[in-house]
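[1] following is a predicted model, sequence given first.
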Amino acid sequence: MPYTEATLQLLSIDGTLVESDRTAEYRALVDKLSDAQLQNFYREMVVTRRFDIESGNLQRQGQLALWIPSIGQEAAQVGSAFATREQDTIFPAYREHAIARIRGIDPVAILALLRGQTNGGWDPNESKFRLYTLVLGTQTLHAVGYAMGIAMDGKSGTGKPAQDEATIVYFGDGSTSEGDVNEALVFAQSYEAPIVFFLQNNQYAISVPVIRQSRSPLYKRGEGFGIESHQIDGNDVLISYAVTRVAMDDARAGKGPRFIEAQTYRLGAHTTSDDPSKYREQSEEDYWKERDPITRFEKFLRAKGEKESFFTSVKAEGDDLAADIRKRIFELAPPSTDVMFDHVYTDDHPLVSAQKAWLAEYEKSFGGDR
Ligand SMILES: Cc1ncc(C[n+]2csc(CCOP(=O)(O)OP(=O)(O)O)c2C)c(N)n1
């Protein structure tokens, strides 16, 4: 199974803390977390999962064109997102819903994107959480370019950014086979860009298992480019937080890029267009359910003495969010068909205008009943 001797972990699957010399530095960071911060870790994981489930239901009920679940990957996302600082820019792929929430993105903005109502969804300059990208790996190039830019603004020539700022980019195991990701790694290392590559290895690129993408653990790819790289238990929110915190601080201090491979598992389908029972065994899913990031952290909090009322209130918060997005999605106006024509060219183009007019006529032929 995917954990190796290199895998860093702080929280075992029974919710107890693991002692090890290799993780002492990380343990010290976690010991500094307040009860309120630990509660936030739990809250964000649980509420995001509830959001995910409701969004999947809304897709099945015809309200979304597609849904991209993140169920099972909450610890990798929540831990690493809380490790960033306000000034850091985050470049997501397309299933980083927990991170979007932490950065204050309205969940309905994500739904609007997957409903086809917008090509973007939010203002990336406000949240420093860039837009989702469905074109695999491109965001790694955008992120490295951005990181090189903030380092150049620092004018130190050492890769140390001016504004105590770093960049983090999220991508999947399948994307590591893309040329873009490899080019991004080359540039990041050559220019000592202040960036953390956060790979969520959820074991599959749709139906293709990671073993087909690489015969060696993926964090070694980072090492191959000369980048300090770590493999972590991605279902352990504490190690995800601590390793990312150190990596981001190293990047912001001008020590160069870092690479983190988080071993996790996509418990659900790739998207609502996929049926994972066609390509993986139930026994494999059961193995990962035992490593569920939320149950493990809940055991930890309960052993620490967290009260039942806390868990009840978090569940209620998730249910409220689900009710809220369900209500608000029905309030969204039907997507305009103009959108697909409007941004093809900067100026009007006769061919595009003709197509737009034709579609408007065609739609009218249904008598307004779409
Ligand atoms: C450039 C490009 N090639 C192929 C695809 C089709 N595609 C969409 S998702 C996907 C698998 C991605 O796997 P991974 O990077 O592991 O991320 P995950 O979806 O598991 O989070 C593929 C091949 C795409 N969107 N973009």
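    Received, thanks.
[2] what sits against the residue of the stretch 101-250 of the chain found nearest the ligand?
    The nearest approach of the stretch 101-250 of the chain to the ligand comes at G172, 2.3 Å away (CB to the nearest ligand atom). Placement of C-beta: from N, CA and C, glycine included. Contacts here follow CB atoms under 8 Å, 6 or more residues apart in numbering; on that basis G172 touches A93, L136, L199, Q200, N201, N202, A205.
[3] neighbours of S353, how many?
    The burial count assigned to S353 is 12, neighbours taken as other CB atoms under 10 Å.
[4] any idea which helix or strand carries the nearest residue to it once chain neighbours are set aside?
    Excluding its sequence neighbours, the residue lying closest to S353 (CB to CB, 6 or more residues apart in numbering) is F341, at 7.8 Å. Assessed by DSSP states H and E, F341 sits inside helix 339-342.
[5] the residue nearest to I195 when sequence neighbours are not counted: which element?
    Excluding the flanking residues, the one nearest I195 by CB to CB, 6+ apart is A147, at 3.9 Å. Applying DSSP H and E as the criterion places A147 in helix 138-154.
[6] is that helix positioned near the ligand?
    No: using CB under 6 Å from any ligand atom, helix 138-154 never reaches the ligand; the gap is at least 7.3 Å.
[7] alpha carbons of that helix, as CSV, please.
    Provided in CSV are the C-alpha atoms of helix 138-154 (Å, rounded to 0.1, in the frame of the first residue of the first chain):
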residue,chain,number,x,y,z
THR,A,138,-1.4,24.5,-16.2
GLN,A,139,-1.8,26.0,-12.8
THR,A,140,1.7,24.8,-11.8
LEU,A,141,3.2,27.1,-14.5
HIS,A,142,1.0,30.0,-13.6
ALA,A,143,2.1,29.5,-9.9
VAL,A,144,5.8,29.3,-10.7
GLY,A,145,5.6,32.4,-12.9
TYR,A,146,3.8,34.2,-10.1
ALA,A,147,6.4,33.0,-7.5
MET,A,148,9.2,34.1,-9.8
GLY,A,149,7.5,37.5,-10.1
ILE,A,150,7.2,38.1,-6.4
ALA,A,151,10.9,37.1,-6.0
MET,A,152,11.9,39.5,-8.7
ASP,A,153,9.9,42.2,-6.9
GLY,A,154,12.1,41.5,-4.0
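[8] so which bits of the longest helix seen in the chain are buried?
    For the chain, the helix with the greatest residue count under DSSP state H is helix 35-60. Using 16 or more other CB atoms under 10 Å as the test for burial, helix 35-60 gives 38-39, 41-56, 58-59.
[9] picking that back up, the residue nearest to I195: what's it in contact with?
    Contact analysis of A147 by CB under 8 Å, 6+ apart lists P161, A166, T167, A188, A193, P194, I195, A251, P257.
[10] so how far is the ligand from A303?
    With distances taken as CB to the nearest ligand atom, to the nearest Å, A303 is found 32 Å from the ligand.
[11] count of neighbours near that residue?
    Neighbours of A303 under the rule other CB under 10 Å: 12.
[12] so where does V352 fall, helix or strand?
    helix 350-364.
[13] what packs against the lowest-mean-pLDDT helix or strand in the chain?
    Within the chain, no helix or strand scores below helix 339-342, which has a mean of 84 by mean pLDDT, DSSP states H and E. With contacts defined as 3 or more CB pairs under 8 Å, 6 or more residues apart in numbering; DSSP states H and E, the packing partners of helix 339-342 are helix 350-364.
[14] who touches the helix it packs on?
    For helix 350-364, the external contacting residues (CB under 8 Å, 6+ apart) are T337, D338, F341, V344, Y345, R370.
[15] need phi/psi at T167.
    Note on T167: its backbone torsions stand at phi -130, psi 150 [degrees, to the nearest 10].
[16] I figured it hits P92, correct?
    No: the criterion here is CB atoms under 8 Å, and T167 misses it with P92 at 12.0 Å.
[17] give me the more crowded residue out of the two.
    Neighbour totals were compared for T167 and P92, and T167 leads with 32 against 25 (other CB under 10 Å).
[18] tell me the bridge partners for that one.
    With beta bridges defined as DSSP bridges, T167 has these partners: T89, I195.
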